[in-house]
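[1] what shape does this take:
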Amino acid sequence: MSRLEKIRVACGMTLVFGVDSIGSSGGLAMFWRDDVNLSSMGYANSYIDMHVLGSNGEGEWRLTGIYGVPDHVRR
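    Next up, the predicted model:
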C-alpha cells in the first residue's frame with residue numbers, strides 16, 4: 001500500500017489524487033469521499049485544480065489547492 005493510500009485510509013477518505021514530489025518536497029494530495037464527484041482540471045508540482053460536483057448533484061464549484069514556500073525570498 002502506498003503512503004498516500006495509508007493516509008487516505010487513516011483519514012477515513014475513500015478517494016485520493018496525488019502529485020509526486022520533486023526533490024525533497026513531499027508532493028501534494030487531495031482526499032475526498034465518494035459522495036462527492038471530483039475531476040482533475042490540471043495539476044503541477046505546486047497546485048492541484050479540481051472541478052467539484054457535490055453529493056446528489058448539489059453544488060458545482062472549482063477547488064484549487066496551492067503550495068508555495070512561505071518564505072518569499074525562496075519562491
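
[2] helix/strand/coil for the residue sitting nearest the centre point of the chain?
    Centroid-nearest residue in the chain: residue 30, 2.2 Å away (criterion: CA atoms, centre = their mean). Counting by DSSP: H, G, I helix; E, B strand; the rest coil, the backbone at residue 30 sits in strand.

[3] now the strands for the chain?
    Under the criterion DSSP state E, the chain carries strands at the ranges 15-19, 28-32, 37-44, 47-53, 60-66.

[4] mean pLDDT for these - can I get that in CSV?
    Formatted as CSV, the strands of the chain follow (pLDDT from 0 to 100):
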stretch, mean pLDDT
strand 15-19, 94
strand 28-32, 93
strand 37-44, 94
strand 47-53, 94
strand 60-66, 93
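
[5] what's the closest of those to residue 6?
    Residue 6 sits nearest to strand 15-19 of all the strands of the chain, at 10.3 Å, using CB to CB. Bear in mind the C-beta positions are built from the backbone N, C-alpha and C, glycine included.

[6] burial count for the closest residue to residue 66 other than its chain neighbours?
    Spatial nearest neighbour of residue 66, chain neighbours left out: residue 47 (4.8 Å); criterion: CB to CB, 6 or more residues apart in numbering. Residues near residue 47, counting by other CB atoms under 10 Å, number 14.

[7] returning to what we had before: show me what contacts the residue nearest to the centre of the chain?
    Residues counted as contacts of residue 30 (CB atoms under 8 Å, 6 or more residues apart in numbering) are 16-18, 38, 48, 50, 63, 65.

[8] neighbour count added to those, as CSV?
    Converted to CSV, the contacts of residue 30 look like this (neighbours: other CB atoms under 10 Å):
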residue, neighbour count
16, 16
17, 17
18, 18
38, 17
48, 21
50, 20
63, 13
65, 15
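
[9] if we can go back for a sec, distance to residue 8 for the strands of the chain - can I get that in TSV?
    Listed next are the strands of the chain as TSV, based on distance: least, CB to CB, whole Å:
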stretch	distance to residue 8
strand 15-19	5
strand 28-32	6
strand 37-44	13
strand 47-53	15
strand 60-66	16
